[in-house]
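Participant: sequence unavailable; structure follows:
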């Protein structure tokens, strides 16, 4: 248990470091954390869900620590500090690099992806973050799965979608970025669409492409 608490302390410290550097959104350490992944390591379903909840609790704890430490500063903060619960792609769970190809083989069906992500999304949302961050989305199928889950699970927390690209035109699967952004923009629960894990030279052009179909744009 000592190593567990040491790890929790380290994650809190990372969040605090970002806040001290000026961040006003901190992202939970749940990008690659999944119920299926924990269960494959011998954890029960209940314990797996507890660990997902803990990722949000740790980020909220770091926020409270930071606000308490800075409660007496003369200049008020211009922006609230928000906690975003990170949801990585199915490829991130596989840990085989497929979040950078979008090639999921036989698992690449809408229903499979919805079944895979559903409970994790519910658990993270129930833990009380301010935002849901769907990160490094490699194909339009997974974007569609997320959109449908936001509706089916009645998630009432704003979400952002961030896609990745290797060529500055398509997401890494080869799907059109504009098509992917259109899927995200069609969901009223999505408040921002952006880019992550992409060569910096492509970012400006990708954002201009997203602007053609989206109202709110963020580069992440």
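Facilitator: Nice, I can see it. In this text, all values refer to a predicted model and were calculated from it rather than measured experimentally.

Participant: give me the element residue 46 is part of.
Facilitator: According to DSSP states H and E, residue 46 maps onto helix 45-69.

Participant: residues making contact with that helix?
Facilitator: The contact list for helix 45-69 (Cβ atoms under 8 Å, 6 or more residues apart in numbering) reads 8, 11-12, 15-16, 19-20, 26-30, 33-35, 38-39, 43, 81, 83, 85-86, 119-120, 123-124, 126-129. Using the backbone N, CA and C atoms, a C-beta is placed for each residue, glycine as well.

Participant: that helix: which residues count as buried?
Facilitator: Applying a neighbour-count criterion of 16 or more other Cβ atoms under 10 Å, one finds 48-49, 51-63, 66 buried in helix 45-69.

Participant: neighbouring strands - and their directions - for the next helix or strand after it?
Facilitator: Counting by DSSP H and E, the element after helix 45-69 in chain order, helix or strand, is strand 82-87. Strand pairing for strand 82-87, determined by DSSP bridges: strand 25-27 (parallel), strand 131-137 (parallel).

Participant: among those, which is nearest residue 95?
Facilitator: Between residue 95 and the strands paired with strand 82-87, the tightest spacing by Cβ to Cβ is seen for strand 131-137, at 12.7 Å.

Participant: got a list of contacts for that closest one?
Facilitator: Contacts of strand 131-137 (Cβ under 8 Å, 6+ apart): 25, 27, 31, 82-89, 91-92, 99-100, 121, 124-125, 143, 146, 150, 155, 157-164, 171, 180, 191, 196-197, 220.

Participant: looking at the protein, which helix or strand is least sure?
Facilitator: Ranked by mean pLDDT, DSSP states H and E, the helix or strand of the chain with the weakest confidence is helix 2-20, at a mean of 91.

Participant: list the buried residues for that one?
Facilitator: Residues 8, 11-12, 15-16, 18-19 are the ones in helix 2-20 that count as buried (16+ other Cβ under 10 Å).

Participant: relative to helix 45-69, how tilted is that helix?
Facilitator: 40 degrees (axes from the mean of the first three to the mean of the last three Cα atoms, to 10 degrees).

Participant: so what's the spatially closest residue to residue 132 that is not a sequence neighbour up against?
Facilitator: Excluding the flanking residues, the one nearest residue 132 by Cβ to Cβ, 6 or more residues apart in numbering is residue 159, at 4.2 Å. Residue 159 is in contact with 131-134, 146, 150, 187, 189-191, counting by Cβ under 8 Å, 6+ apart.

Participant: okay, residue 159 and residue 69: tell me how far apart.
Facilitator: Between residue 159 and residue 69 the computed distance is 30 Å (Cβ to Cβ, to the nearest Å).
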